[in-house]
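Undergrad: here's my sequence, what's the structure:
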Amino acid sequence: MDFQEESRLDNIHIRRAAECDIPGILKLLVQVDMVHHKGRPDLFKGPATKYDEEQLKGIIADDDTPVFVCVNEDGKVLAHGFCIKKQIVGDSVLTDIRTLYIDDICVDENARGAHIGTLLYNEILSYAKENGFYNITLNVWACNPSAMKFYEAMGLVPQKVCMEKIL
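TA: Have a look, this model is predicted:
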């Protein structure tokens, strides 16, 4: 990391998302959708978001779905991380572990390469450890090899593999 990247990171603040972040989050959600649309246009429609403004208000307010944002000194959302607290209790096969599922991480395409994703992931990891989670899980689409490389660099390994055959 060079000096310019370090000074750029000094101006980044990671915190829980607030309603004022919703416009920036919506822009990032379109970027996420377009990565998936380019890789799998048979499944993803194109410029869209998986949540609307009202849904985001509920998600942000719900402690079981913590959302983290990286913002610059002007308050611009540069990245988001959507998480979901999961636990299956009393299953006949699975143990009762608590999992923090990362539903979505996105770094603005204009801010990539400055290690913002690493900062965000490390914040989520710290949150999970501080709150007694057993593990972190996530899904990554095979059509997104850069995300796969990022998660592997963060130390994640495959837990299970979803396979398909298009008919």
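
Undergrad: need the nearest residue in space to N131, chain neighbours excluded.
TA: L100 (7.6 Å; Cβ to Cβ, 6 or more residues apart in numbering). Using the backbone N, CA and C atoms, a C-beta is placed for each residue, glycine as well.

Undergrad: okay, and the helix or strand of this protein with the least pLDDT?
TA: None of the helices or strands of the chain scores lower by mean pLDDT, DSSP states H and E than helix 3-10, at a mean of 52.

Undergrad: do you know how far I60 is from N139?
TA: I60 is 22 Å from N139, where distance means Cβ to Cβ, to the nearest Å.

Undergrad: looking at the two, which has the bigger crowd around it?
TA: I60 (19 against 11; other Cβ atoms under 10 Å).

Undergrad: surely the more buried one is in contact with C20?
TA: No - contact criterion Cβ atoms under 8 Å: I60 and C20 do not qualify, at 10.0 Å.

Undergrad: A111 and K76 touch, don't they?
TA: No - the pair A111 / K76 is not scored as a contact, 9.1 Å apart, by Cβ under 8 Å.

Undergrad: so for the two, which sits in the more crowded spot?
TA: A111 (18 against 15).

Undergrad: quick one: contacts for H13?
TA: Applying Cβ atoms under 8 Å, 6 or more residues apart in numbering to H13 gives the contacts 70-73.

Undergrad: cutoff 10 Å now
TA: 69-73, 75, 78, 119 (Cβ atoms under 10 Å, 6 or more residues apart in numbering).

Undergrad: what sits in contact with each of I60 and C20?
TA: Jointly contacting I60 and C20 under the rule Cβ under 10 Å, 6+ apart are V69.

Undergrad: any idea how far R40 is from the spatially closest residue to G39 that is not a sequence neighbour?
TA: Distances taken as Cβ to Cβ, 6+ apart put C143 closest to G39, at 2.6 Å, once the chain neighbours are dropped. Distance of C143 to R40, given as Cβ to Cβ: 5 Å.

Undergrad: quick one, which of these two is more surrounded?
TA: Between C143 and R40, counted using other Cβ under 10 Å, C143 has the larger neighbour count: 16 against 13.

Undergrad: per-residue confidence at the more buried one?
TA: Looking at C143, its pLDDT is 94.

Undergrad: what sits against it?
TA: 35-41, 43-44.

Undergrad: now do the helix or strand encompassing L120: distance to the chain's middle.
TA: Here L120 sits within helix 116-130, counting by DSSP states H and E. Centroid separation for helix 116-130 versus its chain: 10 Å, with Cα atoms, centre = their mean, to the nearest Å.
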